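Enquirer: kindly generate the corresponding structure for this input.
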Amino acid sequence: MQAWSSTVVQYHRLRNDLAVIRLEGDAVPFKAGQSVSVAVPQNSALTRRYSPALPPSLDGKLEFHVRAVPAGWVSGGIVNETRPGDVWQISDPQGGLHVDDSGRDVVMIAGGTGLAPLRAILLDLTRWERPPNVTLFVGGKSPRDLYAGDMLWLMASELPWLTVVPVVDQLHEPWASDRWNDRIRADVDSAAKFFEPEHCWEGSVADVIAAQGHFSDRQILVCGSPGMEAATMRALVESGTPAELIRR
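Expert: Predicted coordinates for the structure are as follows:
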């Protein structure tokens, strides 16, 4: 199996359990929305699948959003130990998550770092002459958990065809602080915008989607944890959305 090398050029810790890693190297022949197999020097014998958060580029730029999962040797190593200069091995692009050129409006539903491939697709759509209207539902545990809120706010303000709907399990933040989030809010430009509780819909992503009715005339893209995807699929189908319209 062919593999491509990519070198970490930037590491950004956004939350206690989440980091964004940017790399440059070989041009990897994937499509926006696909996942790739990743091997990192901290655990080179193990591979994990992650979806790039940027569309493919000839100059080999890649970006990954990685959340450390409990007992996750690879994800924990990436979030806690990645340093600029690390060389990753990328291989085996797979997946059919995409937006077609039918002109139909699009509903995207993201849970946590499931946002990454959808963000790659959104950025790819900016290259289209006439992109479709897109509504992005993005879910988290609380407003603080919406780790890309400032980026999504900016995208929604600049792209007239994009609407972002933040959805959180609870509007109130947990009592425990997150020093990385606190540092980001203290360091960013005062003009930067974040999704505060008053901007968010409260409830599970599946419940909020179920309340919208059917989406039988839309393209539907779903990406998140297996549990989130299963619950969202069930909500969509029970609300009247044909299962064959849903991509994940």
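
Enquirer: which residue, other than its chain neighbours, is closest to residue 155?
Expert: Once flanking residues are discounted, residue 155 sits nearest to residue 162: 6.0 Å by C-beta to C-beta, 6 or more residues apart in numbering. Every C-beta, even on glycine, is put in place using the N, C-alpha and C of the backbone.

Enquirer: doesn't residue 153 make contact with the one you found?
Expert: No - counting by C-beta atoms under 8 Å, residue 162 sits too far from residue 153 to count as a contact (10.9 Å).

Enquirer: and the residue nearest to residue 155, how far from residue 110?
Expert: Using C-beta to C-beta, to the nearest Å, residue 162 is found at 13 Å from residue 110.

Enquirer: shared neighbours, those two?
Expert: residue 136 (C-beta atoms under 8 Å, 6 or more residues apart in numbering).

Enquirer: right, and the helix or strand after the longest helix along the chain?
Expert: Assignment by DSSP state H gives helix 226-238 as the longest helix of the chain. Counting by DSSP states H and E, the next helix or strand C-terminal to helix 226-238 is strand 246-247.

Enquirer: name the helices or strands packed onto that next one?
Expert: Here strand 246-247 touches strand 219-223, helix 226-238, going by 3 or more C-beta pairs under 8 Å, 6 or more residues apart in numbering; DSSP states H and E.

Enquirer: tell me which residues in the helix or strand bottoming out on mean pLDDT in the chain are buried?
Expert: Across the helices and strands of the chain, mean confidence by mean pLDDT, DSSP states H and E is lowest for helix 179-187: a mean of 74. Within helix 179-187, the residues scored as buried using 16 or more other C-beta atoms under 10 Å are 180-181, 184.

Enquirer: which strands or helices does the next helix or strand after it pack on?
Expert: Under the assignment DSSP H and E, the closest C-terminal helix or strand after helix 179-187 is strand 201-202. Contacts defined by 3+ C-beta pairs under 8 Å, 6+ apart place strand 201-202 against strand 162-168.

Enquirer: chain center to the strand it packs on: distance?
Expert: With C-alpha atoms, centre = their mean, to the nearest Å as the basis, strand 162-168 stands 13 Å off its chain's centre.

Enquirer: and if you look at stretch 127-145?
Expert: Remark: stretch 127-145 is offset 9 Å from the chain centroid, using C-alpha atoms, centre = their mean.

Enquirer: next, the distance between the ends of that stretch.
Expert: 29 Å (C-alpha to C-alpha, to the nearest Å).

Enquirer: and it, what's buried?
Expert: By neighbour count on 16+ other C-beta under 10 Å, the buried set for stretch 127-145 is 131-132, 134-140, 142-145.

Enquirer: break this protein down into its domains, please.
Expert: Domain assignment for the chain by automatic domain parsing gives 3-94, 106-247.
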